[in-house]
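*Asks:* with the sequence up front, the predicted model follows.
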Amino acid sequence: MSEIVFENVGHSFGERTVLQQINLRLSEQRIGIVGANGSGKSTLARMINGLVVPTEGRVQVNGLDTAKKGRDVRKQVGFVFTDPNHQIVMPTVAEDIEFSLRRSGLGKAERAAKVASVLERYGLAGHADHPTHQLSGGQKQLLALAAIMVTEPNVLVADEPTTLLDLRNSRLISSVFESLDQQLIVVTHQLDLLESFERVLVVDQGRVVADGSPADSIDHYRSLVS
Ligand SMILES: Nc1ncnc2c1ncn2[C@@H]1O[C@H](COP(=O)(O)OP(=O)(O)OP(=O)(O)O)[C@@H](O)[C@H]1O
């Protein structure tokens, strides 16, 4: 399992401090992050692959400092954005997934086999040749996830990966998450997704205010809003 370490981390956008005094050692397989809108969850998640670098302290992934080794960190950490339009780049579903393998060094047949396997796993097998712009929002979310997972990252960070999904596809993602071998860190407002996770963090006004089992953390989160 990977180890992600936050050491006295803070982040400010200009004058605005959005995260402060974050100290974490994340080595569990499945970790959830919950909290109110604007509390700093996405900023925290983006720090794990160096998309956002701390303005105070440091973040390390398996010993690599995200501020200094961003490229190497991103080879290990796949990131799925809330809005799949941010990461879909190719005209068709299969091409988009294959695009992720362009630097893999794999031959054409191996790439095709990997693409076929993730299409199947993410419920997109019937859509291989569909234009990506014609997919529904939920199908785009599945495609964005498939295009990251085909690269087999050590860590997957997903920022609200089920917001656009119907019940069936949300269950599909839930079962995919349960079967992943990789470390998984999910920011979500869908609390039932986290029931089987090892650890859940609650972020409130830029701080981690609870950190424990899903039941305890979710109780704490509920108490913040009641
Ligand atoms: N690039 C940026 N420049 C300035 N402020 C930003 C930027 N990105 C985020 N913020 C601010 O940082 C704060 C935390 O945002 P963040 O997206 O991390 O919250 P969140 O907990 O993920 O919220 P949500 O649940 O609504 O997605 C917000 O007040 C937001 O306006």
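*Replies:* Done, it's in. Numbering: from 1, shown residues only.
*Asks:* CA atoms for contacts and neighbours, from now on please.
*Replies:* Will do.
*Asks:* put the alpha carbons of stretch 20-31 into CSV.
*Replies:* Extracted C-alpha coordinates of stretch 20-31, given in CSV (Å, rounded to 0.1, in the frame of the first residue of the first chain):
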residue,chain,number,x,y,z
GLN,A,20,-4.4,24.8,7.8
GLN,A,21,-2.4,22.6,10.1
ILE,A,22,-3.0,19.4,8.3
ASN,A,23,-1.0,16.4,9.6
LEU,A,24,-1.9,13.1,8.2
ARG,A,25,-0.4,9.7,7.4
LEU,A,26,-2.6,7.9,5.0
SER,A,27,-1.8,4.3,4.5
GLU,A,28,-5.2,2.5,4.7
GLN,A,29,-6.6,1.1,1.5
ARG,A,30,-9.8,3.1,1.3
ILE,A,31,-10.2,6.5,2.7
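*Asks:* residues of the helix or strand of the chain with the lowest mean pLDDT that come out buried?
*Replies:* Ranked by mean pLDDT, DSSP states H and E, the weakest helix or strand in the chain is helix 167-179, scoring a mean of 86. Going by neighbour count (16 or more other CA atoms under 10 Å), the buried part of helix 167-179 is 169, 170, 172, 173, 174, 177.
*Asks:* from the residues you listed, pick the one nearest residue 5.
*Replies:* residue 177 (22.2 Å; CA to CA).
*Asks:* what's the separation between the nearest residue to that closest one once chain neighbours are set aside and residue 92?
*Replies:* In this structure, residue 177 finds its nearest non-sequential neighbour in residue 184, 7.6 Å apart by CA to CA, 6 or more residues apart in numbering. For residue 184, the distance to residue 92 equals 27 Å [CA to CA, to the nearest Å].
*Asks:* any chance of the buried residues of helix 167-179 in a markdown table with distance to residue 226 as columns?
*Replies:* Compiled in a markdown table, the buried residues of helix 167-179 are given as follows (distance: CA to CA, whole Å):
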| residue | distance to residue 226 |
| --- | --- |
| 169 | 30 |
| 170 | 27 |
| 172 | 31 |
| 173 | 29 |
| 174 | 27 |
| 177 | 30 |
